[in-house]
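Engineer: Sequence and predicted model, in that order:
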Amino acid sequence: MDSRRSRPLGAALSALAALVFATPTLFLPADAHASVKLVFIVGGSALFAFGVIRVRAEGAETREPKDDRPLDGAPPPPA
């Protein structure tokens, strides 16, 4: 494994998705067209989905393979 820490891109994308979801509420008038709000919903959903995929991929890269050997390095007992 590389000694350099990976960037948490999935978490950043999920936070950006939350910002995109909140944008119509914060900056658009209440009587704005639904089609404008739909653009933010679709864009935020795509960002959130990609962020979740990245988080799961980042977790898979750091997992160690399971090793059933004892800590002293001896081979496991025969079954």
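Structural biologist: That came through fine. Nothing here was measured: the structure is a model prediction, and the numbers come from that model.
Engineer: so what's Thr62 scoring on pLDDT?
Structural biologist: On pLDDT, Thr62 comes in at 60.
Engineer: Name the nearest residue to Ile53, sequence neighbours excluded.
Structural biologist: Spatial nearest neighbour of Ile53, chain neighbours left out: Gly10 (7.5 Å); criterion: C-beta to C-beta, 6 or more residues apart in numbering. All C-beta atoms are positioned from the backbone trio N, CA, C, and that covers glycine.
Engineer: looking just at contacts, which helices and strands does the helix or strand of the chain with the lowest mean pLDDT meet?
Structural biologist: Of all helical and strand segments in the chain, the minimum by mean pLDDT, DSSP states H and E falls on helix 34-62, at a mean of 89. Under the contact criterion of 3 or more C-beta pairs under 8 Å, 6 or more residues apart in numbering; DSSP states H and E, helix 34-62 touches helix 9-27.
Engineer: Buried ones in the helix it packs on, by neighbour count?
Structural biologist: Neighbour-count burial for helix 9-27, counted by 16 or more other C-beta atoms under 10 Å, picks out Gly10, Leu13, Ser14, Leu16, Ala17, Val20, Phe21, Pro24.
Engineer: need the contact list for the second one.
Structural biologist: Under the criterion of C-beta atoms under 8 Å, 6 or more residues apart in numbering, the contact partners of Leu13 comprise Leu47, Phe48, Phe50, Gly51, Arg54.
Engineer: Against Lys37, how distant is the residue nearest to it when sequence neighbours are not counted?
Structural biologist: Spatially, and ignoring its direct neighbours in sequence, Leu13 is nearest to Gly51 (3.3 Å; C-beta to C-beta, 6+ apart). Gly51 sits at a distance of 21 Å from Lys37 (criterion: C-beta to C-beta, to the nearest Å).
Engineer: what about the two, which has more around it?
Structural biologist: Gly51 (21 against 14; other C-beta atoms under 10 Å).
Engineer: list the contacts for the more buried one?
Structural biologist: Residues Leu9, Gly10, Ala11, Ala12, Leu13, Ser14, Leu16, Ala17 are the ones in contact with Gly51 under the rule C-beta under 8 Å, 6+ apart.
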